[in-house]
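Visitor: Sequence below, structure please.
(chains A and B)
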Protein chains: 2
Amino acid sequence: MMRDALSAIVGSEHVTTPPPSQLEDASIASAVRARDDAVLVRPGSADEVARVVGWAYANGVPIVPRGGGTGYSGGAVPTEPESVVVSLDRLKAVRQFDPLLWRIEVEAGMVTSDVARLARENGLFYPPDPGSAESSLIGGNVATNAGGPHAFKYGVTGAWITGLEAVVAPGELVRLGGSTRKDVAAYDLPALLTGSEGTLGIVTSVWLRLIPAPEAALPVAAVYPDVATGAAAIEQVMASGIVPSAIEYLDERVVDAAYGSFPLGDLGRGFLLLLEADGTADEAERGRDELLEAAREGATALHAPTDPSDVRRFWEWRAGVSHAVTAQEGGKLSEDVAVPVDRLAEAIEETIEIGSRHGLTACSWGHAGDGNLHSTFLLTPGDEDQLRRAGDAAEELFAMAIRLGGTVSGEHGVGLLKNGQLSQQWSPAAVELHRSIKQALDPKGLFNPGKKLP
Amino acid sequence: MMRDALSAIVGSEHVTTPPPSQLEDASIASAVRARDDAVLVRPGSADEVARVVGWAYANGVPIVPRGGGTGYSGGAVPTEPESVVVSLDRLKAVRQFDPLLWRIEVEAGMVTSDVARLARENGLFYPPDPGSAESSLIGGNVATNAGGPHAFKYGVTGAWITGLEAVVAPGELVRLGGSTRKDVAAYDLPALLTGSEGTLGIVTSVWLRLIPAPEAALPVAAVYPDVATGAAAIEQVMASGIVPSAIEYLDERVVDAAYGSFPLGDLGRGFLLLLEADGTADEAERGRDELLEAAREGATALHAPTDPSDVRRFWEWRAGVSHAVTAQEGGKLSEDVAVPVDRLAEAIEETIEIGSRHGLTACSWGHAGDGNLHSTFLLTPGDEDQLRRAGDAAEELFAMAIRLGGTVSGEHGVGLLKNGQLSQQWSPAAVELHRSIKQALDPKGLFNPGKKLP
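Guide: Numbering: from 1, shown residues only, chains lettered A, B, ... in the order given. Sure, this is the predicted structure:
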């Protein structure tokens, strides 16, 4: 009956019952299992999304929006009985693109890197660059308010949104804002939906600001004997007077894991900072020189590639770090806590200690300038006891982040895995605000039920 | 009874019944009259704000938060019987300031320009610069999501907020986020409160990001024979590959009004663009040269002051434009509609036509790069018929902004004056979302009642 009703809306070829594994997170060590009774529907237009939601909302059917499946928290996995999974992957249109006016409207199903590429081909820059950009969908980036290395200078996904089109309860297609760059006629509902992980509605298209592409971006890699020296270098960099376009770090163990594939000679062992300066060719060069100067104290090695192909290989290596860590033992549990930047060194060191206490090899890397750590425990696939211990260790990570004044999620979202953590992080009255928003916008609780609960 | 109860919380010396004019907008032509039965209370701490709100919420008393009184929409004016006006002006503390970490937490009552000055004295930059920055309070800027000339490059107030402390119904002090730069553990409630004009709660403190101050900022003034030529120049500037730190405009009539006070010689009559490039001294200089080049076509005069005192006088002159326009006939009704930037020329020209149709002298200036117009009708104080016609003309302005794909308010807010306009701008389903948020967070409807209604 569900399949018939949905087929009538989107066509029977776009309604399937795939194996549960296809509805889970792409991450190897995903701990969230999909139900086997979920129906996958792939609408071909925003209007079809509205009709699917309308049918589901009227019939009490849970609605799970799904983008590229690149999440880490189970946010796009159907976990309630007889859910309809609404894939946005057929909504791929560029609805409007005005390069000379620095703006674009794209549908939710466009791949993130395609948005960035289209901008770049027209001399423009779309800065958010989550690690999964080659396969994540822009709608999923909106739903999680995705970040990436360049968020330090340029902000996360939400900083680039001027308007959204979304389907909200009970199946209404609404447009909130548009291409106008400033708008205070209403509450900032685009911002409320951004990062709401499909629990308040389904984003079907987004208006994005763009900026002229920087002419050049020049990186610096600096190696330090330990975390403390590296953290001191971050403070030197922030005192240098320039705004780096990225401040990334890899701890010693992550450097070891990715060592062999470093494309530019002998990296040097230790705690690694990756910095970048961008702008015109001259600006980037001068910024890079200032970063080199600021990073010098205590460094045991410095690298500053300038050849464009070296620079590209440098960042490709950085993008491969997560895979290199996974390759260590075949699996991993990786979190994304964030803390005020002055607590970063503590969080990095405590990640290792938490792992030790649970008999796990731990490491971390991430967006140092934003205080955002990918704290990670290495796992052997199939070792259930280890997985259980990793879960306990993750709880301690969350508690640490909160104790240091930070958050349980800097960029991946809450999904199913971090449910309930907000109640540790916020006061009961603040949590109650959160609940009241969900109740107001989704009175039947059918939008991605069980996800992002306080 | 109300005065006794409030005196018990904040001390009787901080509970007064001022003349209504002191509770109205500072703007001379404010059309919103304050009730004469409002009680003004000035809490000395966030905790006192919470207790005042708690008492008011329990007793069904309307709560009107008030900052510097520099609004234009009546947002901080008590218009319901027996309201309590909660002034934030005693909450002036800098709670935390870490210049080396580019962040500050300030209480809501700090004057905007004091925040900017403190940052600047420490080598940092707080970019939002609304025209009223010398007397507006930072809490009011948060409540309206204030902008200013530099919002074009740097974004509006909300772009700088990492966390908020606020009092929400029924009198709870909550902390939403903090100094951590990235946080997706919850819905973006700081963004929801930002721009909500006191209708969802009262902001008591705010965590702000800062950035290293640009070393230099160099302006360019370019005069054109008409709006169309000036608009074409804006497109040239946006195609130049640099991101100007400001793209402002003054139409011919505004130039006439401010002509005599231009501090740098003979400005030249016509449509005026004010551009700025910032960065290191070298970057600013090169950017300024590129702006000059981009602005040259069709220009009848170009000015590019370089002496720091000239640059300062240049922007002081810009800041005085609103007063110069007021001085023409003694009063004005000034709006803040915004449109997609490619519709700016139409909006500028139609502003004049709308004025003509109602027998009013009209003009506009504003933030060209953001498509944000201060469309203005000149008024003679005391002329009630003229004021009525200006009200009708404003309705046409709003309709024009919506027809051009824009918004009735780019930066001033809705307050009382623009109530109901959102229903023209958004679909019924989107308006219903707006209502449901208000209902969820303020079930008794006591937070700034009658303001920002769709």
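Visitor: any idea how far the residue lying closest to A:Gly44 once chain neighbours are set aside is from A:Ser113?
Guide: Take A:Gly44 and drop its neighbours on the chain: the residue closest to it by CB to CB, 6 or more residues apart in numbering or on different chains is A:Arg90, 5.0 Å away. To be clear about C-beta, it is placed using only N, CA and C from the backbone, and glycine gets the same treatment. Separation of A:Arg90 from A:Ser113 (CB to CB, to the nearest Å) stands at 18 Å.
Visitor: Kindly report the same for A:Arg313.
Guide: For A:Arg313, the distance to A:Ser113 equals 17 Å [CB to CB].
Visitor: Then A:Thr280?
Guide: From A:Thr280 over to A:Ser113 the distance is 25 Å, taken as CB to CB.
Visitor: Please name the residues that touch A:Tyr57.
Guide: Neighbour list for A:Tyr57: A:63, A:169-171, A:444, A:446 [criterion: CB atoms under 8 Å, 6 or more residues apart in numbering or on different chains].
Visitor: Make a markdown table out of those and add distance to chain B and secondary structure.
Guide: A markdown table is the format used below for the contacts of A:Tyr57 (distance: CB to the nearest CB, whole Å; DSSP: H, G, I helix; E, B strand; the rest coil):
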| residue | distance to chain B | secondary structure |
| --- | --- | --- |
| A:Ile63 | 17 | strand |
| A:Ala169 | 9 | coil |
| A:Pro170 | 9 | coil |
| A:Gly171 | 9 | coil |
| A:Lys444 | 13 | coil |
| A:Leu446 | 16 | coil |
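Visitor: Filter these down to the buried ones, ChimeraX style.
Guide: Entered in ChimeraX, the line below selects the buried ones among the contacts of A:Tyr57, by 16 or more other CB atoms under 10 Å in any protein chain shown:
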select /A:63,169,170,171,444,446
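Visitor: what's the closest of the contacts of A:Tyr57 to A:Thr204?
Guide: Closest to A:Thr204 out of these is A:Gly171 (12.3 Å), distances taken as CB to CB.
Visitor: what's near enough to touch the closest one?
Guide: With CB under 8 Å, 6+ apart, A:Gly171 has these contacts: A:50-51, A:53-58.
Visitor: And the buried ones among those residues, selectable in ChimeraX?
Guide: Only the buried entries of those go into this ChimeraX selection, using 16+ other CB under 10 Å:
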select /A:50,51,53,54,55,56,57
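Visitor: how many neighbours does A:Ser427 have?
Guide: 14 (other CB atoms under 10 Å in any protein chain shown).
Visitor: So it is in contact with B:Leu176, correct?
Guide: No - applying CB atoms under 8 Å as the test, A:Ser427 and B:Leu176 come out as separate, 9.6 Å apart.
Visitor: Buried residues, stretch A:328-345. List them.
Guide: Within stretch A:328-345, the residues scored as buried using 16+ other CB under 10 Å are A:328-329, A:331-345.
Visitor: Mean confidence (pLDDT) on it, please.
Guide: Regarding stretch A:328-345, the rounded mean pLDDT is 95.
Visitor: Quickly check: it near chain B or not.
Guide: Yes - applying CB under 8 Å from any CB of the partner chain, one finds stretch A:328-345 touching chain B at A:338-342.
Visitor: could those be laid out in a markdown table, adding secondary structure?
Guide: Converted to a markdown table, the residues of stretch A:328-345 next to chain B look like this (DSSP: H, G, I helix; E, B strand; the rest coil):
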| residue | secondary structure |
| --- | --- |
| A:Ala338 | strand |
| A:Val339 | coil |
| A:Pro340 | coil |
| A:Val341 | helix |
| A:Asp342 | helix |
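Visitor: which pair in those spans the largest distance?
Guide: Comparing all pairs in the residues of stretch A:328-345 next to chain B by CB to CB, the longest separation belongs to A:Ala338 and A:Asp342, at 12.7 Å.
Visitor: Would you mind listing the residues touching both of those two?
Guide: By CB under 8 Å, 6+ apart, no residue touches both A:Ala338 and A:Asp342.
Visitor: Among the contacts of A:Gly171, name the ones in strands.
Guide: With DSSP state E as the criterion, strands contain none of the contacts of A:Gly171.
Visitor: which among the contacts of A:Gly171 gets closest to chain B?
Guide: Using CB to the nearest CB, A:Ala50 is the member of the contacts of A:Gly171 that lies nearest chain B, at 9.9 Å.
Visitor: what sits against the nearest residue to that closest one once chain neighbours are set aside?
Guide: Closest residue to A:Ala50 apart from its sequence neighbours, by CB to CB, 6+ apart: A:Leu173 at 4.2 Å. Taking CB under 8 Å, 6+ apart, we find A:Leu173 in contact with A:46-47, A:49-50, A:165-167, A:204, B:429.
Visitor: could you dump those to a markdown table with secondary structure, distance to A:Gly11 and pLDDT?
Guide: Listed next are these as a markdown table, based on DSSP: H, G, I helix; E, B strand; the rest coil; distance: CB to CB, whole Å; pLDDT from 0 to 100:
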| residue | secondary structure | distance to A:Gly11 | pLDDT |
| --- | --- | --- | --- |
| A:Ala46 | helix | 16 | 98 |
| A:Asp47 | helix | 13 | 98 |
| A:Val49 | helix | 14 | 98 |
| A:Ala50 | helix | 16 | 98 |
| A:Glu165 | strand | 22 | 98 |
| A:Ala166 | strand | 23 | 98 |
| A:Val167 | strand | 18 | 98 |
| A:Thr204 | strand | 18 | 98 |
| B:Ala429 | helix | 26 | 97 |
